[in-house]
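Asks: no sequence on this one, just coordinates:
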Ligand SMILES: O=C(O)CCC(=O)C(=O)O
Ligand SMILES: [Fe+2]
């Protein structure tokens, strides 16, 4: 009897095999004011459904509360922070962090180390205007690289001194990198939406001591 090996078709592989596309020559830079910039690459992760499912089911998502005026309110999204050395929930994310470190090595001069994750359960979840200014990003140029999974939501950016906001759509498998002075001279947000929106997971890679 001859054993016939199962050969998945290219089409099946395309659906289940999560992989990263190239960065070199594909990432598009948008120069903002005051030494800030944003790099954007839609569709960097291919076959991202598998990664998204893992993120939804295997991450120990946490609800956080914060003080607002005289009461405590729930932060409108779920969170999980992966510190240096913590194993990420999907191998593709480890590869993504490595590729980003390699691609930005000359400009950043240090590796991406941590992975902050947010789960926006639906359109009511959001993040208000802020810069990631905890740690060194309060006074030095740095980068925050975001890979997005699931429902598309816009990431808005506006200059701190006032001015109109820019809108970057971030969809399933898209990469967006905020760089230069972006965290201290600009702010970003993911606004609530009344449009039907399914869950979205944002994975943010940052160098050490940037949050
Ligand atoms: O949802 C995003 O991609 C942005 C999240 C964010 O700005 C943050 O957690 O600091
Ligand atoms: Fe942020």
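Replies: Cool, the structure landed. Small disclaimer: the values here were computed from a predicted structure and weren't measured. Ligands and ions are numbered 1, 2, ... in the order given.
Asks: Tell me where the model's unsure across the protein.
Replies: In the predicted model of the chain, residues 1-16 satisfy pLDDT under 70.
Asks: For it, just list every one of the strands.
Replies: 19-20, 28-31, 36-41, 45-46, 62-68, 71-82, 114-120, 127-130, 144-150, 153-159, 166-170, 175-180, 186-190, 200-206 (DSSP state E).
Asks: Just the residues contacting the last one, thanks.
Replies: Outside strand 200-206, the residues within contact range by CB atoms under 8 Å, 6 or more residues apart in numbering are 52, 55-56, 59, 93, 96-97, 100, 112-120, 132, 142-153, 170, 190. C-beta here means a position set from N, CA and C on the backbone, and glycine is covered the same way.
Asks: circling back to that earlier point, which of the strands of the chain sits closest to ligand 1?
Replies: In terms of CB to the nearest ligand atom, the element of these nearest to ligand 1 is strand 200-206, at 3.3 Å.
Asks: Run through the neighbouring helices and strands of the longest helix along the chain.
Replies: Across the chain, the helix with the greatest residue count (assigned by DSSP state H) is helix 91-103. Under the contact definition 3 or more CB pairs under 8 Å, 6 or more residues apart in numbering; DSSP states H and E, helix 91-103 sits against strand 19-20, strand 144-150, strand 200-206.
Asks: partners of the last one, with directions?
Replies: Strand 200-206 sits in its sheet next to strand 114-120 (antiparallel), strand 144-150 (antiparallel), going by DSSP bridges.
Asks: any chance of these in CSV, with mean neighbour count and distance to ligand 1 too?
Replies: Below are those laid out as CSV (neighbours: other CB atoms under 10 Å; distance: least, CB to the nearest ligand atom, whole Å):
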stretch, mean neighbour count, distance to ligand 1
strand 114-120, 21, 5
strand 144-150, 25, 5
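Asks: can you put the ones you listed in CSV and add distance to residue 162?
Replies: As requested, the strands paired with strand 200-206 are exported to CSV (distance: least, CB to CB, whole Å):
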stretch, distance to residue 162
strand 114-120, 27
strand 144-150, 22
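Asks: Could you list which residues are in contact with the residue positioned nearest the centre of the chain?
Replies: Geometric centre of the chain, nearest residue: residue 146, 2.3 Å, by CA atoms, centre = their mean. Applying CB under 8 Å, 6+ apart, we find residue 146 in contact with 155, 170, 175, 176, 177, 178, 202, 203, 204, 205.
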